[in-house]
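Engineer: Have a look at this prediction, sequence included:
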Amino acid sequence: MRRVLGITAGLALIAAALSPLPQAQASCVTAARKCQGAPLIGIEVKGGAVPSPDSKGRISYTLDYSMTWTPSFAPYWGAFWVGGRFPKGARGPARAVLLDDAGERVAVLRCREHSDGVWCAAGSHVPHRGRVVFTARLAPGTEARTAARLGFDSFEGLDREESARRLSRTQAREGFCEHRFTTTVTTTQAP
């Protein structure tokens, strides 16, 4: 009888060890594993801003960027969003232009307002070096000197299939590790 009870208890312990984690615990373990350490893809960002000569509040923002991929034995992919916080009350941008390092237009990116700024979906096929150009219109009465905080949101840990999908920022945040690379861009408008 003791032997049967011992075998039953042993099987119960094995079954508990092999059963999947509850959903809340599983997501914590996954998130902790994916976000440890330095990013796999580092992005250096430099920004600039040029006011429109017609002084109607239009500002062209440029981001020059360069990506550094960490050496790894396993392939990895990223999903990228570009944008950030434009000056308070600014309209736009509704789109951004992505250029490669030779100045050739690669894509026109759609932009949307999110709780943490205006972000444009760049997807996963972004040149390792290039420039992004945004145009925004400042609100009337905006101070002559304004600042924007612009750059990249990089989501890592994707596989090839996930990289091919067009994930929303919410989906990317829920499933992958986010790293943000930004710079402050200051401009002075003509009075």
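Structural biologist: Received it, and whenever you're ready, just let me know what you need. Numbers count the residues shown, from 1 in each chain.

Engineer: quick check: mean pLDDT across the strand of greatest length in the chain?
Structural biologist: Criterion DSSP state E: the longest strand present in the chain is strand 145-158. Averaging pLDDT along strand 145-158 gives 86.

Engineer: Next: stretch 101-121.
Structural biologist: In this model, stretch 101-121 has a mean pLDDT of 93.

Engineer: One more: stretch 68-80?
Structural biologist: The average pLDDT within stretch 68-80 is 75.

Engineer: now do stretch 44-56
Structural biologist: Rounded mean pLDDT across stretch 44-56 is 83.

Engineer: what's next to that stretch, contact-wise?
Structural biologist: Residues outside stretch 44-56 that contact it (Cβ atoms under 8 Å, 6 or more residues apart in numbering): 58-68, 137, 148, 150-152, 181-190. C-beta coordinates here come from the backbone N, C-alpha and C atoms, glycine included.

Engineer: doesn't Val126 fall inside a helix?
Structural biologist: No - Val126 is assigned coil when assessed by DSSP: H, G, I helix; E, B strand; the rest coil, not a helix.

Engineer: what about it, neighbour count?
Structural biologist: 24 (other Cβ atoms under 10 Å).

Engineer: List buried residues within the contacts of stretch 44-56.
Structural biologist: Burial by neighbour count, 16 or more other Cβ atoms under 10 Å: within these this picks out 58-59, 61-65, 67, 137, 148, 150-152, 181-183, 185, 187, 189.

Engineer: Just those residues: which are in strands?
Structural biologist: Those of the buried ones among the contacts of stretch 44-56 lying in strands (DSSP E): 58-59, 61-65, 67, 137, 148, 150-152, 181-183, 185, 187.

Engineer: what's across from the residue most central in space within the chain in the sheet?
Structural biologist: Residue closest to the mean C-alpha point of the chain, counted by Cα atoms, centre = their mean, is Asp153 at 1.9 Å. Counting by DSSP bridges, Asp153 is bridged to Trp81, Arg180.
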